[in-house]
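Chemist: Coordinates for the following, if possible.
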Amino acid sequence: MTMIDSHDWTTAAADLDARGWTILPRLFDPGQCEAMAALYDGGAGFRSHVVMQRHGYGRGEYRYFAYPLPPLVEALRSALYPRLMPIANRWHERMGIDVRFPAEHRAFLDRCHEAGQKRPTPLLLRYEAGDYNCLHQDLYGEHVFPLQAAVLLSSPGKDFSGGEFILTEQRPRMQSRAEVVPLSEGDAVIFAVTHRPQRGTRGDYRVTMRHGVSSLRSGSRHTLGVIFHDAT
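Modeler: Okay, the predicted model is just below:
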């Protein structure tokens with residue numbers, strides 16, 4: 001995808017190594033954002049609908065896409081994976097994890113499906129005033145790709161207020177640290193699913209990462225989530 005290739009991946013990789021997240025500015029144009037958000041109420045093309053409050057996840061709701069994925073979602077998932085795969089393999093090596101990831105996303109999905117993880121995980125999320133998403137990690141089975149993406153489909157200050165994307169990290173023997181990720185409409189944030197390596201005085205150690213969304217004060221907010229492993 002041209003929109004993927006145009007980004008500075010050297011800087012993105014350095015950001016991910018340093019802090020566990022990076023922003024790809026204007027990954028979607030306004031028309032793509034509007035069209036993607038409009039799918040939420042279309043009804044077709046989804047495998048499940050989750051109301052967060054029923055499960056203690058927060059407030060708001062989301063829908064998981066069914067296979068086949070919408071063309072833009074499929075193209076984005078397939079194009080991002082080979083850019084992130086070398087980083088994922090490097091992280092696993094630094095954290096002492098034996099698992100390595102194949103060059104093509106299709107091969108990684110085959111690995112997931114052989115282990116019973118056959119349900120697609122890309123999703124659309126919708127928040128209204130007062131909604132929020134508790135800090136969490138997106139784990140769906142044994143096979144986990146250590147990076148994922150979220151694309152903001154709404155315009156802060158115009159479509160909604162509040163609703164900041166939040167990342168927290170927990171280092172051994174230290175208190176948790178939180179960061180608010182500044183996103184505009186069409187921006188994508190790439191971030192760690194569960195852990196990332198951090199260089200210490202005695203070598204690398206694991207930092208635990210979680211993500212969530214703060215309370216919306218007004219309006220409506222849509223997000224596309226792109227997770228590279230499938231679910232059991």
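
Chemist: Pull the number of nearby residues for residue 120.
Modeler: Neighbour count for residue 120, taken as other Cβ atoms under 10 Å: 20. Glycine gets a C-beta too; all of them are placed from N, C-alpha and C.

Chemist: Please list all residues in contact with it.
Modeler: 47, 64, 65, 66, 67, 69, 230, 231 (Cβ atoms under 8 Å, 6 or more residues apart in numbering).

Chemist: separation between the third one and residue 53?
Modeler: So that's residue 65. Separation of residue 65 from residue 53 (Cβ to Cβ, to the nearest Å): 22 Å.

Chemist: what's the answer for the last one, then?
Modeler: Going from residue 231 to residue 53 by Cβ to Cβ gives 21 Å.

Chemist: secondary structure class for the closest residue to residue 106 other than its chain neighbours?
Modeler: Excluding the flanking residues, the one nearest residue 106 by Cβ to Cβ, 6 or more residues apart in numbering is residue 78, at 7.8 Å. Of the three states, residue 78 takes helix under DSSP: H, G, I helix; E, B strand; the rest coil.

Chemist: Residue 78 contacts residue 105, correct?
Modeler: Yes - at 5.3 Å, residue 78 counts as touching residue 105 under the criterion of Cβ atoms under 8 Å.

Chemist: about what we covered before: quick one: which of the contacts of residue 120 sit in strands?
Modeler: For the contacts of residue 120, the ones inside strands are 47, 64, 65, with DSSP state E as the criterion.

Chemist: OK, contacts around the last one?
Modeler: Going back to what we said before, that points to residue 65. Counting by Cβ under 8 Å, 6+ apart, the residues that residue 65 touches are 45, 46, 47, 73, 120, 122, 123, 124.

Chemist: Who is it paired with across the strands?
Modeler: residue 46 (DSSP bridges).

Chemist: And it, how close does it get to residue 47?
Modeler: 7 Å.

Chemist: more crowded one of residue 231 and residue 53?
Modeler: Using other Cβ under 10 Å, the more surrounded residue of residue 231 and residue 53 is residue 231, with 18 against 12.

Chemist: Pull up the gap between that one and residue 165, please.
Modeler: For residue 231, the distance to residue 165 - Cβ to Cβ - is 22 Å.

Chemist: What of residue 218?
Modeler: For residue 218, the distance to residue 165 - Cβ to Cβ - is 17 Å.

Chemist: so where do the strands sit in this protein?
Modeler: 21-24, 46-51, 58-59, 61-65, 123-128, 132-136, 147-152, 160-162, 165-170, 177-181, 188-192, 195-200, 203-213, 216-226.

Chemist: in the chain, which ranges drop under the pLDDT threshold?
Modeler: 1-2 (pLDDT under 70).

Chemist: that older thread, show me which of residue 218 and residue 165 is the more surrounded one.
Modeler: residue 165 (23 against 12).

Chemist: thinking the more buried one is in contact with residue 188, fair?
Modeler: No - contact criterion Cβ under 8 Å: residue 165 and residue 188 do not qualify, at 10.8 Å.

Chemist: any shared contact partners between those two?
Modeler: What both residue 165 and residue 188 touch, as defined by Cβ under 8 Å, 6+ apart, is the set 150, 152.
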